[in-house]
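Q: Structure, please.
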Amino acid sequence: MPKHNDLEQKALQIITNTGKDGLLQSELWRKLGASSREGSRIALRLESKGLIRREKELCNGRWTYRLYPKRLPASINSILDCPCMMCPDGQRCGPTGAITPQTCEKLTDWLLRTAENHYGSLGDS
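A: Down below sits the predicted model:
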């Protein structure tokens, strides 16, 4: 029989793979091959560790919980347009190089644009 930690890890992986849509707690039990009682306890433990969030939901006339990961895996899409990826000065860039990330205007501009796109205009309050 699998250990609790093994089932928790497997459950967390299943929940994380659902992304922003989450999944019903009953779906998790089925995917784990666990009883509803065991599935509930696993979900509660993951929630108490701050790894998932549970939201009450009415499904087919019954109350249940939808489980969402608190963190999603990083995606390379978030840095595809970073100027460092194709920078001609990459060989000279570094903490002790002629060019540093702290003084690179291209990188600073990209970071500011990215922050503005994500958080809205930085001048608005």
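Q: got a list of what the closest residue to Cys104 other than its chain neighbours touches?
A: Sequence neighbours aside, Cys93 is the residue nearest to Cys104 in space, at 7.0 Å (criterion: C-beta to C-beta, 6 or more residues apart in numbering). Placement of C-beta: from N, CA and C, glycine included. Residues near Cys93 by C-beta atoms under 8 Å, 6 or more residues apart in numbering: 84, 87, 99-101, 104.
Q: In helices, which of the residues you listed fall?
A: Within the contacts of Cys93, no residue falls in helices by DSSP state H.
Q: May I ask you to confirm that Cys54 belongs to a helix?
A: Careful, residue 54 is Arg; it's not Cys. No - the assignment for Arg54 (DSSP: H, G, I helix; E, B strand; the rest coil) gives strand, which keeps it out of a helix.
Q: Near it, how many other residues are there?
A: 17 (other C-beta atoms under 10 Å).
Q: any idea which element the residue nearest to it when sequence neighbours are not counted lies in?
A: Spatial nearest neighbour of Arg54, excluding adjacent residues (C-beta to C-beta, 6+ apart): Tyr65 at 4.3 Å. Using DSSP states H and E, Tyr65 sits in strand 62-69.
Q: How about Gly39?
A: Gly39 belongs to helix 36-48, assigned by DSSP H and E.
Q: still on that earlier bit, relative to Ala43, which of the contacts of Cys93 is nearest.
A: Nearest to Ala43 among those: Cys84, at 40.2 Å, using C-beta to C-beta.
Q: Strands of this structure, start to end?
A: If DSSP state E is used as the criterion, the strands of the chain fall at 23-24, 52-59, 62-69.
Q: Now do the buried residues in the second one.
A: Within strand 52-59, the residues that count as buried by 16 or more other C-beta atoms under 10 Å are 52, 54.
Q: The residue nearest to Cys104 pairs with what?
A: Ile99 (DSSP bridges).
Q: measure it to Glu116 for me?
A: 24 Å (C-beta to C-beta, to the nearest Å).
Q: show me the contacts for the most centrally placed residue in the chain.
A: Taking C-alpha atoms, centre = their mean, the centroid of the chain lies closest to Leu72, which sits 1.3 Å from it. By C-beta under 8 Å, 6+ apart, the contact set of Leu72 is 16, 19-20.
Q: Cheers, nothing more for now.
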